[in-house]
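S.K.: Predicted coordinates and the sequence they were generated for:
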Amino acid sequence: MKKFLAAVLAAVLCMSVLAGCGSKAEDALPTEGVSEENAGASEGAAPAENATEDNGDSKEAAPAEDAGATEAAAVSEALADGVLNVGTNAEFPPFEYVNDNGEPDGFDIALIKAIGEKMGVEVQVDNMEFASLVSSIGTKIDVSIAGMTVTEERLNTVDFSNSYYEAVQFVIVPEGSSIASAEDLKGKTIGVQLGTTGDFIADEIEDASVSQYNKAVDAVNDLVNGRLDCVIIDKNPALVFQSKFDGKVTAIDGAQFDFEVENYAIAIPKGDAALAEQINNALQELIDDGTFDALVAEYIEGGNE
Ligand code: ARG
């Protein structure tokens with residue numbers, strides 16, 4: 001459970017990292033109107049070196065002062081080709097899934113496309129394994145949107161945008177299971193998606209045996225087939241799986257297990273303050289103009305999948 005305090009701490013830390021290295025990243029979510037000028041005025045903050053080809057040994061994320069002077073958004077090297085390459089793992093409805101046309105779709109995909117539009121760049125989405133997203137940022141992909149929780153550990157490798165969604169881990173159990181508290185999880189066989197915060201939580205549960213899956217749905221299938229006692233996964237996917245496996249499983253709120261709140265954000269190359277600022281500005285515009293809420297209604301509250 002310590003990790004979860006850490007995650008919350010990390011969320012706070014993330015904001016201050018960005019505030020420290022962006023030219024003027026206003027901190028957390030909503031607040032403040034954002035002006036029209038994010039469409040890429042030049043000038044100002046030197047793009048961070050590690051966004052370029054040389055697979056960037058992460059520099060300290062602190063080009064602070066020199067960047068601080070200007071309001072104009074600098075252009076990130078990552079966007080030199082006019083394309084924002086986005087990594088996701090489309091196994092996480094309603095945030096990302098593969099639609100009937102075989103394409104990645106979902107809340108996150110719609111959000112990053114809207115962000116790209118505001119930024120004036122083309123968005124290309126690459127569907128890959130969740131566990132390799134963070135390490136691919138700055139090389140194979142520019143950024144990742146994947147219902148990814150800000151954690152202290154990930155902050156060693158990447159920076160995060162402002163957070164755009166609050167979540168918590170849920171516990172999916174077979175219908176009629178007696179699992180109802182943190183105590184009950186001890187010694188259980190627990191399914192998780194590899195490399196997720198659910199995986200990290202399960203890892204800390206006393207005497208639990210943890211089965212890691214590349215696809216969350218495979219874990220839920222094994223749960224239904226009696227191979228697992230429970231699955232730990234984020235709230236919204238848990239609710240989607242609950243309705244998909246209607247009558248066979250129940251999704252229980254992680255608050256009942258003392259799981260801490262998590263924050264989703266877009267992972268960006270460490271030190272790329274210009275990109276962070278552009279993404280944060282675009283995100284803020286989408287919040288201010290109502291697009292963000294419309295996407296929440298369509299994809300998350302609408303039960304669309
Ligand atoms: N929020 C969890 C994490 O960051 C799970 C995210 C899984 N996302 C996905 N697209 N499969 O670890």
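M.R.: Received, thanks. Residues are numbered from 1 along each chain as shown.
S.K.: ok and the residue in the stretch 151-300 of the chain nearest the ligand?
M.R.: Closest to the ligand within the stretch 151-300 of the chain is T196: 3.5 Å, counting by C-beta to the nearest ligand atom. Heads up, the C-betas are built off the backbone N, CA and C, glycines and all.
S.K.: Give me the neighbour count for that residue.
M.R.: Residues contacting T196 under the criterion other C-beta atoms under 10 Å number 25.
S.K.: The nearest residue to it once chain neighbours are set aside: neighbour count?
M.R.: Leaving aside its chain neighbours, T196 sits nearest to F130 (6.4 Å; criterion: C-beta to C-beta, 6 or more residues apart in numbering). Applying other C-beta under 10 Å, we find 25 residues neighbouring F130.
S.K.: Would you check that F130 makes contact with G198?
M.R.: No: the pair F130 / G198 is not scored as a contact, 10.8 Å apart, by C-beta atoms under 8 Å.
S.K.: Let's verify G198: helix, strand, or coil?
M.R.: helix (DSSP: H, G, I helix; E, B strand; the rest coil).
S.K.: Run through the helices of this structure in chain order.
M.R.: Secondary structure of the chain by DSSP state H: the helices cover 2-21, 64-68, 107-119, 133-136, 182-185, 197-203, 216-224, 235-244, 273-288, 291-295.
S.K.: In CSV: these, plus mean neighbour count, distance to I252 and mean pLDDT.
M.R.: Below are those laid out as CSV (neighbours: other C-beta atoms under 10 Å; distance: least, C-beta to C-beta, whole Å; pLDDT from 0 to 100):
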stretch, mean neighbour count, distance to I252, mean pLDDT
helix 2-21, 18, 17, 45
helix 64-68, 14, 44, 44
helix 107-119, 22, 23, 98
helix 133-136, 18, 27, 98
helix 182-185, 16, 10, 98
helix 197-203, 23, 13, 98
helix 216-224, 21, 13, 98
helix 235-244, 20, 8, 97
helix 273-288, 25, 31, 98
helix 291-295, 17, 27, 98
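S.K.: ok, the residue most central in space within the chain - contacts?
M.R.: When C-alpha atoms, centre = their mean is applied to the chain, the residue found nearest the centroid is M148 (2.0 Å). Applying C-beta atoms under 8 Å, 6 or more residues apart in numbering to M148 gives the contacts L133, R154, F160, Y264, A265, I266, A267.
S.K.: what are the phi and psi angles of it?
M.R.: Per-residue torsions, M148: phi -90, psi 130 (degrees, to the nearest 10).
S.K.: and the gap between it and the ligand?
M.R.: 4 Å (C-beta to the nearest ligand atom, to the nearest Å).
S.K.: Next one: that residue from E206, what distance?
M.R.: Applying C-beta to C-beta, to the nearest Å, the value for M148 to E206 is 27 Å.
S.K.: Contact residues of the stretch 51-200 of the chain facing the ligand?
M.R.: Contacts of the stretch 51-200 of the chain with the ligand, taken as C-beta under 6 Å from any ligand atom, map to N89, E91, F92, E96, F130, A146, G147, M148, T149, Q193, T196, T197.
S.K.: and the fifth one, how far is that from C230?
M.R.: Going back to what we said before, that points to F130. Distance of F130 to C230, given as C-beta to C-beta: 20 Å.
S.K.: Excluding chain neighbours, what is closest to F241?
M.R.: V220 (4.8 Å).
S.K.: The one you found contacts F245, correct?
M.R.: Yes: under the criterion of C-beta under 8 Å, V220 is in contact with F245, at a separation of 6.3 Å.
S.K.: still on that earlier bit, among the helices of the chain, which comes closest to D142?
M.R.: The minimum distance between D142 and the helices of the chain falls on helix 273-288, with 7.4 Å, by C-beta to C-beta.
S.K.: what angle sits between the closest one and helix 107-119?
M.R.: Following axes from the mean of the first three to the mean of the last three C-alpha atoms, to 10 degrees, one obtains 110 degrees for the angle between helix 273-288 and helix 107-119.
S.K.: For the residue of the stretch 151-300 of the chain closest to the ligand, give me its contacts.
M.R.: For T196, the contact set (C-beta under 8 Å, 6+ apart) comprises F130, I233, D234.
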